[in-house]
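Undergrad: Fold the stuff below for me.
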Amino acid sequence: MIIKEGKMLRLTPFIAAFVVTLAPVVTKAAVESDLPANGSLDRAAVAHLIQGITTELRAGYVLQTEGEKAAEVLEGALAAKAYDKIADTDAFASKLTTQLQDLTGDSHVRVIAGSPFAQPTPSSVPPSPDLLASRLDTKTGYIKLKRFPPPEDFKPAIDKAMHDLVDTSAMIIDIRGNGGGHPASVAYLASFFLPAGMPVHLNDLIWRNRGTSTFRTEQFWSSATPVTYIDKPVYVLVSSKTYSAAEEFAYDMQVLRRATIVGEGTRGGANPGGLNDLGFGVFVVIPTGKARNPMTKTNWGGTGVQPDIRVAADLAQETAVALADEHLPRQR
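TA: As a prediction, this is how the structure comes out:
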């Protein structure tokens, strides 16, 4: 559920994490009623936007110390007229995103020009499916995931894919271009590769209670699945474009020693957050949560998931297939 409080959007944790993955690909949309007549941002508008960002940094950012420091820097820059030459919302969003990510070291912090909720212009090219499943040969299953949609959409698709491939001897999960999504869907996918009847604690999201220095914990555990895929090799393909919830899947499987990670180091985004409407067609994403693995007590933020087998992204699939071929004869 999304609740509007004036100009500020409040999102449930799962929706917030999902919306963050949409932010890099949204197009500028119409929230133009607040813009000055000439379509550009004047000093008053910029001051309003900076105030909105600093308010969110102080009230909601999960990394409180970094949030306070970033807010002070933005206020100092505003006072020094560092933003006076900004002409429009796109330029403002680009400059503030770079500045905030430099200040916090957090790639989930970003400023967006245009509403992510606006309907994009229809394309003549149909969108490709979020999930593709096939057999690379008679013994190797292959599942490619573009993102992790909410469980109600993800479960039927992944249930069918795993049912169709359960008789293979090795599985490749390709998340090289996966930008993230819903953490509950990540936990459900991992469940197929873990023993049935023994719930495994996979991940925690630590959420800051808004306007306070207190936090709450949301736990994610493995759950029952229609079929299981245990005691067989699993290879997870990653790249520098693998991000957020997709990184969590690779990280969880690596920590549990349930998969071999193949490819490049991932982007390193571990802090989900909500989307806030600042007015003037500008939105800001301020992470209000952070991932914490129950075994390592940390996450992949800033460093990314480091593969077990490091190869260029375009060589990851053939490398995994070769690894599977080497392993499988010893199982017969």
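Undergrad: C-alpha only now, for contacts and for neighbours.
TA: Will do.
Undergrad: any chance you could map the helices in the chain?
TA: Ranges of helices within the chain are 13-22, 43-60, 64-79, 89-104, 151-165, 183-191, 245-255, 316-327, based on DSSP state H.
Undergrad: Most tightly packed of those?
TA: Ranked by mean neighbour count, the helices of the chain are led by helix 245-255 with a mean of 25 (mean count of other Cα atoms under 10 Å).
Undergrad: by contact count, what packs against that one?
TA: Helices and strands touching helix 245-255, as assessed by 3 or more Cα pairs under 8 Å, 6 or more residues apart in numbering; DSSP states H and E, comprise helix 183-191, strand 260-263.
Undergrad: Which one of these lies nearest to A47?
TA: helix 183-191 (35.5 Å; Cα to Cα).
Undergrad: where does the stretch 51-200 of the chain have low pLDDT?
TA: Counting by pLDDT under 70, the stretch 51-200 of the chain has low-confidence residues at 117-128.
Undergrad: dump the residue contacts of the residue most central in space within the chain.
TA: Taking Cα atoms, centre = their mean, the centroid of the chain lies closest to S244, which sits 2.9 Å from it. By Cα atoms under 8 Å, 6 or more residues apart in numbering, the contact set of S244 is 21, 179-181, 267-272.
Undergrad: which one of the residues you listed has the most neighbours?
TA: P272 (31 neighbours; other Cα atoms under 10 Å).
Undergrad: if I look at it, how far off is D231?
TA: Here P272 is placed at a distance of 33 Å from D231 (Cα to Cα, to the nearest Å).
Undergrad: repeat for P151
TA: Between P151 and D231 the distance, using Cα to Cα, works out to 26 Å.
Undergrad: Tell me who's in contact with V311.
TA: Contacts of V311 (Cα under 8 Å, 6+ apart): 262-264.
Undergrad: For S222, grab the count of nearby residues.
TA: Counted with other Cα under 10 Å, the burial measure for S222 works out to 24 neighbours.
Undergrad: Against A291, how distant is it?
TA: 16 Å.
Undergrad: now do K144
TA: 24 Å.
Undergrad: So those two - more neighbours on which side?
TA: A291 (25 against 20).
Undergrad: Quick check: closest non-adjacent residue to the more buried one.
TA: Using Cα to Cα, 6 or more residues apart in numbering and skipping the chain neighbours, the partner closest in space to A291 is L205 (4.6 Å).
Undergrad: Near that neighbour, how many other residues are there?
TA: L205: 21 neighbours (other Cα under 10 Å).
Undergrad: And S40, by the same measure?
TA: Every residue meeting other Cα under 10 Å relative to S40 is counted, giving 15.
Undergrad: check contacts around it.
TA: Listed by Cα under 8 Å, 6+ apart, the contact set of S40 reads 87-89.
Undergrad: Let's have these in JSON lines, adding distance to E75.
TA: Output for the contacts of S40, formatted as JSON lines (distance: Cα to Cα, whole Å):
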{"residue": "A87", "distance to E75": "19"}
{"residue": "D88", "distance to E75": "19"}
{"residue": "T89", "distance to E75": "18"}
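Undergrad: So L49 sits against G279, correct?
TA: Yes: if you go by Cα atoms under 8 Å, L49 and G279 touch, sitting 7.4 Å apart.
Undergrad: and S222, how far is that from L189?
TA: Distance, S222 to L189, using Cα to Cα: 9 Å.
Undergrad: Perfect, I'm done here.
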